[in-house]
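A.B. asks: can't give you the sequence, but here's the structure:
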Ligand SMILES: CC/C=C\C/C=C\CCCC/C=C/C(=O)SCCNC(=O)CCNC(=O)[C@H](O)C(C)(C)COP(=O)(O)OP(=O)(O)OC[C@H]1O[C@@H](n2cnc3c(N)ncnc32)[C@H](O)[C@@H]1OP(=O)(O)O
């Protein structure tokens, strides 16, 4: 009975969350979840629900530094006739992966995943010159421990959702994509990048004193191999598109104005493969990594909180943030 009730609550909550997000009715969502004890019960149920590597969403909602508006951070164009959704990231100025963005992202992917008519997802950016600047450093700087936890859970969730998606996922990388932006594209099945030497992609974390989580290392290794991963992560390397192509960090380069069209064409090819065979194969390839990560998820959380809240880490992040801001002034 309890298990049944849980699943009913979960289904209702998920449906409500998805609906609320898509109707931009987040005020209603916040009001409904105002009671913290209800929220935390819901959170633990949602985040513990997992099947076949598909992980359910954690509905974390917080007003963000420059995201305290209710304007959506994603625009999803779903074409019923092709079964393909194009998700445009629109979180100005640089599509940083803030808690608010990640929350919206997870809900949107979950909603598409539940819609059996949606078979393919193209991820791209509405911001000029930037695909995504990676994790929002403001969410990792000067916050309370509970906030670090909430943020990291959303980061883990984003990765799991994308990496374990049943849909064909293609990253149409129409701008720079450092760190978390690179991770996001690496979680997709295929990466097409704009051939513009001013853009970069890779993992620069060590350059400003932080370390990628172990699951990021694992996922990257499966794509570019141990040696390229080692060099990239230790030295904090960002690559121009042609070097990224050489090491296999992206699959294809195309002129900037053809990124989305090429992604759409490529999607048609992928969707010509019988879904069940492709899905089972994708699961066969990715499930070992997903299972491994799921088994260390809580340890990863503790490691993150302890690392990010260290004075020395905070100092380095502060210096890096100042440097980013000075760049403009
Ligand atoms: C033991 C280990 C255990 C656990 C792990 C521990 C830690 C885990 C960390 C996880 C890994 C972290 C991953 C990350 O993603 S960290 C983020 C890394 N990202 C970057 O370094 C990119 C920084 N940004 C840039 O390089 C440029 O902004 C970019 C994307 C090339 C675009 O350039 P441009 O168009 O010129 O834009 P500006 O640089 O002028 O930036 C405009 C504006 O945005 C602010 N900003 C940029 N990036 C971020 C960001 N990631 N987060 C927050 N804010 C960002 C920038 O400061 C400017 O702000 P302003 O106020 O001046 O407008």
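C.D. replies: Cool, the structure landed. Not measured: the values here are computed from a predicted model.

A.B. asks: per-residue confidence for residue 155?
C.D. replies: Residue 155 carries a pLDDT score of 98 in this model.

A.B. asks: just the mean pLDDT for stretch 72-85, thanks.
C.D. replies: If you average the pLDDT over stretch 72-85, you get 98.

A.B. asks: can you pull the buried residues of that stretch?
C.D. replies: Using 16 or more other Cβ atoms under 10 Å as the test for burial, stretch 72-85 gives 72, 73, 74, 76, 78, 83, 84, 85. C-beta coordinates here come from the backbone N, C-alpha and C atoms, glycine included.

A.B. asks: the ligand contacts on the stretch 151-300 of the chain?
C.D. replies: 176, 178, 179, 180, 204, 205, 210, 211, 212, 213 (Cβ under 6 Å from any ligand atom).

A.B. asks: now the buried residues of stretch 72-85 in TSV, please, with extra columns for secondary structure.
C.D. replies: Output for these, formatted as TSV (DSSP: H, G, I helix; E, B strand; the rest coil):
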residue	secondary structure
72	coil
73	coil
74	strand
76	strand
78	strand
83	coil
84	strand
85	strand
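
A.B. asks: out of those, who's near the ligand?
C.D. replies: Okay, of the buried residues of stretch 72-85, nothing touches the ligand (Cβ under 6 Å from any ligand atom).

A.B. asks: ok, these vs residue 184, which is closest?
C.D. replies: Set against residue 184, the nearest of those by Cβ to Cβ is residue 74 (12.4 Å).

A.B. asks: would you agree that closest one is in contact with residue 105?
C.D. replies: Yes - with contacts counted by Cβ atoms under 8 Å, residue 74 reaches residue 105, the gap being 6.3 Å.

A.B. asks: one step back: redo the residues of the stretch 151-300 of the chain next to the ligand as TSV? Include neighbour count.
C.D. replies: Formatted as TSV, these follow (neighbours: other Cβ atoms under 10 Å):
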residue	neighbour count
176	26
178	24
179	25
180	25
204	19
205	19
210	19
211	16
212	20
213	21
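
A.B. asks: among those, which are in helices?
C.D. replies: Of those, the ones assigned to helices by DSSP state H are residue 180.

A.B. asks: could the residues of the stretch 151-300 of the chain next to the ligand be laid out in JSON lines, adding pLDDT and distance to residue 306?
C.D. replies: Below are those laid out as JSON lines (pLDDT from 0 to 100; distance: Cβ to Cβ, whole Å):
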{"residue": "176", "pLDDT": "99", "distance to residue 306": "30"}
{"residue": "178", "pLDDT": "98", "distance to residue 306": "24"}
{"residue": "179", "pLDDT": "98", "distance to residue 306": "20"}
{"residue": "180", "pLDDT": "98", "distance to residue 306": "20"}
{"residue": "204", "pLDDT": "98", "distance to residue 306": "22"}
{"residue": "205", "pLDDT": "98", "distance to residue 306": "17"}
{"residue": "210", "pLDDT": "96", "distance to residue 306": "13"}
{"residue": "211", "pLDDT": "97", "distance to residue 306": "12"}
{"residue": "212", "pLDDT": "97", "distance to residue 306": "16"}
{"residue": "213", "pLDDT": "97", "distance to residue 306": "13"}
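
A.B. asks: sorry, back to before: list just the nearest of the buried residues of stretch 72-85 to the ligand.
C.D. replies: residue 73 (13.6 Å; Cβ to the nearest ligand atom).

A.B. asks: please consider this matter closed, and thank you.
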